[in-house]
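> Make a model of this:
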Amino acid sequence: MLEEIGLTPDEEELYRCLVRANTARVGELAQRLGRPHAEVVARLDALRDKGLVLPTGPDPDAPLRPLAPDVPLGEALLRRQSALEEARAAVTQLAEDYRAGMRRHDAAHLVEVVTGARALRERLRELQNGAREEVLWFCRANPLAMPGPENVEEFDALARGVRYRAIYERAMLLEPGALADVERGVRAGEQARVLDRLPVRLAVVDGRTAVCPLVPDRDGGEPTAAVIGRSQLLDALLALFESHWLMATPLGTPADRAATGYQPDGDEARLLSLFVAGVPDKSIASQLGVSRRTVQRRLADLMAAAGVDTRPGLAFQAARRGWI
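Okay, here's the model as predicted:
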């Protein structure tokens, strides 16, 4: 047991024998242990060198007595502990060097670069077809690779229980037919919200893979995107989405609002969705196929129904009553 701090089993046996005897001559110890005299002398010399045995007098055959083990063995134990700490630190550094090397080696596998609208569209389809839990979208105006009507994979995924959360940039809802496309997705189960502006285009599948453009829209040319695997960069993109999700305004369908006691009709429900999203009256009129004056009149009617006399008040009451 004490070999780790420099005491052999034979030396330990002799020391314990001397401790039990308190004092003893070499011959007595040899007899008690059943060991040759010369062997016991050699062990005693070793114990004396280690500070564990001391003669009781100057006579060569004087009895020997044991010394307390705390100091000599304690010092050996401290040296051993120090060596172990140094070894532990060396192993820790070696492990960190290994991980750093693996990170450098695997860095190329964390990001896949996809160039071209067609290749990007196919990659997005592949990821959605493989989705099992949730797909997240930042949908900016003027889609680069996959306009809403082309994203049939979303409906297949929704049908098999995949959750979809999408945030739409307000400018996107101004495009002809855009609101109808969004409502179609919401009716199928998508959770949709709207913000004035989004920082990037983004898709995240199952919290494990993200697709994000590498080149700003204004640069023109073929889109280039990064497909990002599990990494701190992916964690940052997930946090970016969640922070914007909390700030965004929910969008629903007339059926959703009817279930919560909504009184206005379907056209008014669509008007409210666009109004709360911040779409200008002229653009709302274009989306609904009516005049700007009709939009203003309907908003005035809704303000009266909500018991408010300001547009901000209407937006607040519409949200409070579950109209949007």
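> Over to the residue lying closest to residue 250 once chain neighbours are set aside. Which of the three states is it?
Once flanking residues are discounted, residue 250 sits nearest to residue 193: 5.3 Å by CB to CB, 6 or more residues apart in numbering. C-beta coordinates here come from the backbone N, C-alpha and C atoms, glycine included. Per DSSP: H, G, I helix; E, B strand; the rest coil, the local secondary structure of residue 193 is strand.
> repeat for residue 198
With three-state DSSP as the criterion, residue 198 reads coil.
> if we can go back for a sec, the residue nearest to residue 250: how many residues sit nearby?
By the criterion of other CB atoms under 10 Å, residue 193 has 17 neighbours.
> what are the ranges of the helices in the chain?
Here the chain has its helices, by DSSP state H, at 9-21, 26-33, 37-49, 70-110, 117-129, 152-159, 170-173, 178-188, 232-247, 254-258, 266-276, 281-288, 292-306, 311-320.
> Residue 211 - nearest residue in space that isn't next to it in sequence?
Closest to residue 211 by CB to CB, 6+ apart is residue 203, at 4.5 Å.
> Wait, the one you found touches residue 131, no?
No. Applying CB atoms under 8 Å as the test, residue 203 and residue 131 come out as separate, 10.1 Å apart.
> quick one on the thing from earlier: list the contacts of the residue nearest to residue 211.
Residues in contact with residue 203, defined by CB atoms under 8 Å, 6 or more residues apart in numbering, are 124, 127, 135, 136, 137, 138, 210, 211, 212.
> Spatially nearest residue to the second one (excluding sequence neighbours)?
Counting by CB to CB, 6+ apart, residue 127 lies nearest to residue 205, which is 4.6 Å off, once chain neighbours are set aside.
> OK, contacts around the one you found?
127, 128, 130, 131, 134, 135, 136.
> can I assume residue 209 is in contact with residue 227?
Yes. Counting by CB under 8 Å, residue 227 is a contact partner of residue 209 at 6.4 Å.
> any weak-confidence spans in the stretch 151-300 of the chain?
216-221, 252-263 (pLDDT under 70).
> which residue lies farthest from the center of this protein?
residue 59 (75.9 Å; CA atoms, centre = their mean).
> May I have the phi/psi pair for that residue?
Dihedral angles of residue 59 (phi, psi; degrees, to the nearest 10) stand at phi -60, psi 130.
> which residues sit in contact with it?
Per CB under 8 Å, 6+ apart, neighbours of residue 59: none.
> Now do it against residue 49, distance only.
20 Å (CB to CB, to the nearest Å).
> ok, now how distant is the most centrally placed residue in the chain from residue 117?
Nearest to the geometric centre of the chain sits residue 235, at 5.1 Å (CA atoms, centre = their mean). Using CB to CB, residue 235 is found at 28 Å from residue 117.
> try residue 206
For residue 206, the distance to residue 117 - CB to CB - is 24 Å.
> hang on, the earlier thing: now the residue farthest from the centre of the chain: how far from residue 71?
26 Å.
> next one: residue 56
19 Å.
> buried stuff in stretch 69-82?
Buried residues in stretch 69-82, defined by neighbour count with 16 or more other CB atoms under 10 Å: 69, 72, 73, 76.
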